[in-house]
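>>> Here is the input, now give the coordinates:
(chains A and B)
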Amino acid sequence: MYDVTRPEAELDPSEIKFAARKVQVFYGADQAIKDVDIDIQDKTVTSFIGPSGCGKSTFLRCLNRMNDTIDICRIEGEIKLDGQDIYARSVDPVQLRAKVGMVFQKPNPFPKSIYDNVAYGPKIHGMARKKADLDEVVETALRDAGLWGEVKDRLDTPGTGLSGGQQQRLCIARAVATRPEVLLMDEPCSALDPIATAQIEELIDKLRAQYSVVIVTHSMQQAGRISQKTAFFHLGNLVEYGDTDTIFTNPQDPRTESYITGRIG
Amino acid sequence: MTDSTAARHDWASPEFSAHLRKRKRSEFMLKSLGIGAISIAFGALALLIGSLVSTGYPAFTQTHLVVEAEIDRDLMDPENPRDGNFRQLARDIVTNRVVLGADTDNTDRLTDILSNRAQFTLRDMVEANPDLIGETVEVRLPVADNYDQLHKGMLDRDTPEEIRRLSDREIEIFDQLVEGGFVAKPFNWALFANADSRFPEVAGLKGAIIGSAYALLVCFLLSFPVGIGAAIYLEEFAPKNRISDLIEININNLAAVPSVVFGLLGLAVFIGWFGMPRSVPFVGGMTLALMTLPTIIIATRAAIKSVPPSIREAALGVGASKQQVVFGHVLPLAMPGILTGTIIGLAQALGETAPLLLIGMNAFITSAPGTPFDSSTALPTQIFIWADSPERGFVSRTSAAILVLLTFLITMNAIAIFLRQKFQRKW
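Okay, here's the model as predicted:
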């Protein structure tokens, strides 16, 4: 197996956001993730690529404990966020998820107004006491998500009335409204047309300045365009992890090379 | 590459067209069967409603004697009008309006034209307003069932006198009243304003309607919160293991238990064990709640299940707690389904007869209940009682009561549809 610990030496440890060691995920008796070790850097876009069913989404969902909601799912190993084990008993998953935002494959705005969609997170976490503060949080989040100009005059219309691409940016606005430190994205563009995809990709590049972004994608071109780091998963193993340029131009593992060149997938 | 010309299908071959015709024929057959099934269902419904309306419509009017009559000062004491001789007053009102022939020997029978309760109608009128004593006022009195039937044309005058319920003489006297313009047939408000009575001409549904309303209220207040609470716990919080599976199976089984069994349970537990009074809507409501509870739990669980998981994930993803997800997102989205299920469950409870029979809500009670703890009947048990009564007037009243019950059921279902439309949200 490719030695994933090697690039760690080149990283400044203070920049490491997530440090995962020997992570194993089981669904009942099936093992979905085997011995994954990975360090995810802050203020970087990291792509998870790999064929369907390779465990990349499962691993992503471990990072904000979304897998806790699945009864038969069991996780072993250690994942540290800023040096703290997120699976420790003292960690409240609710708090963790405020810190680690998530955007899903299918745009899933709440059946509420655009304003309420964005304001929901800040409201439940008590981040804005006054209406004026909340207005500001909503505006900032929508601006960050590049949606403000399109919706500023119709904040009280239902979020579900927007187009697919706008809905996905609304979901990004909702995720960034709680000022998370990490943004997890599970194939955020797979349900979108190329123009909407381009907008989201541009947005992800901008978000890198403030957040650590981890994105699962089926499109290798997308991974190449937007990410600085790429991790290749295959059959539950993290096969190769490194700079995106290296992975795409000079893969170390034959399985990575086969996938990149389209022989498996 | 294979030789594509050799393998090409001949789309114009006779075999193919025959096959196509066969497929079209079977499709046509299926469609016809469906239309046939729906026609049969509609026909049966039309037959039911038609027969109920045709037998029930006479009950919506009531024959009254409408006359100007003097409230005779000699028959009562103005200080204590309650003890007046209103029976005599009623008799005078009739005898004063008809020309009696030579055979006036049997004037007692003249009072039989009026309902046996007419004297009490007069009494209540005078008691409410003692100033009427000595005055001449217009009085409206229900006529007795046989004369009501006669006036509605449901008593055949051609029947031989000896087997007819009214003699020639009686018919003659009544016809005199009709000719004098003293007989009217207005809408029968008494059907809704009176409680039950032995006399069909004054029997009404007030007690049954109020009794049913109280029972449904108790049933709703018990089964709605408990049902939703149980469904939320089972669907959202309970661990999925053998025990929760067992509970689920048992709830599904409970929904299929015959209602008479719940009646026995109510009789044994609420009345026998807890010593609650029989025939009261409160116990009826509790018994119906036992029966409605599984329906509401199943409907609520189905509604909660149908909320897309993406909405839960979205809320969890921004850091909502389980409880915030359930109350902020899942329940509002499941509400139309929950309300529909609840109203359908309550409608079922409204029409349920067997459990109410067992806890004694088929008692003969002539006053409407003031509280849920007073004895009363309910609509279905009232129908049961009236269907059992021999008087001719109860035949049409039974059908009328069924129509009233059906109207309530249709209204409740309409409310269910309205709520579904109103609360339905798209995602």
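
>>> Please tell me I have it right and residue A:227 contacts residue A:41.
No: with contact defined as CB atoms under 8 Å, residue A:227 does not reach residue A:41; the gap is 11.0 Å. C-beta coordinates here come from the backbone N, C-alpha and C atoms, glycine included.

>>> Would you mind telling me which of these two has the busier surroundings?
Remark: of residue A:227 and residue A:41, residue A:227 carries more neighbours, 25 against 16, as counted by other CB atoms under 10 Å in any protein chain shown.

>>> Spatially nearest residue to the more buried one, not counting backbone neighbours?
residue A:47 (3.8 Å; CB to CB, 6 or more residues apart in numbering or on different chains).

>>> So the one you found belongs to a strand, correct?
Yes: judged by DSSP: H, G, I helix; E, B strand; the rest coil, residue A:47 forms part of a strand.

>>> beta partners of it?
residue A:215, residue A:230 (DSSP bridges).

>>> Near chain B, which residues of the stretch 1-150 of chain A? Just list them.
A:64, A:66, A:69, A:71, A:94-98, A:101-104, A:106, A:108-111, A:120-121, A:124-125 (CB under 8 Å from any CB of the partner chain).

>>> mind redoing it with 6 Å?
Counting by CB under 6 Å from any CB of the partner chain, the residues of the stretch 1-150 of chain A close to chain B are A:71, A:94, A:97, A:98, A:102, A:104, A:106, A:108, A:111, A:121, A:124.

>>> Just the buried ones among these, please.
Taking 16 or more other CB atoms under 10 Å in any protein chain shown as the criterion, what is buried in those is A:94, A:97, A:98, A:102, A:104, A:106, A:108, A:111, A:121, A:124.

>>> got the contact list for the fifth one?
Counting by CB atoms under 6 Å, 6 or more residues apart in numbering or on different chains, residue A:104 touches A:186, B:313.

>>> For the chain, just list every one of the strands.
As the question left the chain open, I've gone with chain A. Assigned by DSSP state E, chain A shows strands spanning A:16-27, A:30-41, A:45-49, A:73-81, A:84-85, A:100-103, A:182-186, A:212-216, A:229-234, A:237-243.

>>> Hmm, no, I was thinking of chain B.
B:64-70, B:136-142, B:183-184.

>>> Minimum distance to residue B:168: which of those has it?
Of all those, it is strand B:183-184 that lies closest to residue B:168, at 18.4 Å by CB to CB.

>>> quick one: that closest one to chain centroid distance?
Centroid separation for strand B:183-184 versus its chain: 29 Å, with CA atoms, centre = their mean, to the nearest Å.

>>> mean confidence for it?
On average, the pLDDT along strand B:183-184 is 89.

>>> Let me see the ranges of the helices in the stretch 1-150 of chain B.
Assigned by DSSP state H, counting those that start in this stretch, the helices in the stretch 1-150 of chain B fall at B:4-7, B:14-56, B:86-95, B:108-111, B:118-128, B:145-151.

>>> Including mean pLDDT, distance to residue A:163 and mean neighbour count, could these go into a markdown table?
Formatted as a markdown table, the helices of the stretch 1-150 of chain B follow (pLDDT from 0 to 100; distance: least, CB to CB, whole Å; neighbours: other CB atoms under 10 Å in any protein chain shown):
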| stretch | mean pLDDT | distance to residue A:163 | mean neighbour count |
| --- | --- | --- | --- |
| helix B:4-7 | 62 | 43 | 6 |
| helix B:14-56 | 94 | 39 | 11 |
| helix B:86-95 | 82 | 80 | 20 |
| helix B:108-111 | 67 | 83 | 15 |
| helix B:118-128 | 86 | 71 | 19 |
| helix B:145-151 | 90 | 70 | 24 |
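
>>> Among those helices, which comes closest to residue A:52?
Among the helices of the stretch 1-150 of chain B, helix B:4-7 sits nearest to residue A:52 (CB to CB), with 32.8 Å.

>>> contacting residues for the residue nearest the centre of chain A?
In chain A, the residue lying closest to the centroid (CA atoms, centre = their mean) is residue A:184, at 1.5 Å. By CB under 6 Å, 6+ apart, residue A:184 lies in contact with A:60, A:63, A:64, A:102, A:214.

>>> what does residue B:359 give?
By CB under 6 Å, 6+ apart, the contact set of residue B:359 is B:266, B:267, B:278, B:283, B:287.

>>> Between which two of the residues you listed is the distance greatest?
Farthest pair in the contacts of residue B:359 (CB to CB) is B:278 and B:287. Separation: 11.2 Å.

>>> Compare the two (neighbour count), which wins?
The neighbour comparison of residue B:278 against residue B:287 (other CB under 10 Å) goes to residue B:287, with 30 against 17.

>>> Leaving out chain neighbours, which residue sits closest to the more buried one?
Nearest residue to residue B:287, sequence neighbours excluded (CB to CB, 6+ apart): residue B:266, at 3.3 Å.

>>> Make sure residue B:399 is actually in contact with residue B:54.
No: when contacts are counted by CB atoms under 6 Å, residue B:399 is not listed as touching residue B:54 (8.2 Å).

>>> what about the helices in the stretch 51-200 of chain A?
Ranges of helices in the stretch 51-200 of chain A, per DSSP H, counting those that start in this stretch, are A:56-62, A:93-99, A:114-124, A:131-144, A:148-151, A:164-176, A:194-207.

>>> and those helices as TSV, adding distance to residue B:345 and mean pLDDT?
Shown next, in TSV, are the helices of the stretch 51-200 of chain A (distance: least, CB to CB, whole Å; pLDDT from 0 to 100):
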stretch	distance to residue B:345	mean pLDDT
helix A:56-62	38	91
helix A:93-99	35	87
helix A:114-124	32	91
helix A:131-144	40	90
helix A:148-151	42	89
helix A:164-176	37	90
helix A:194-207	45	87
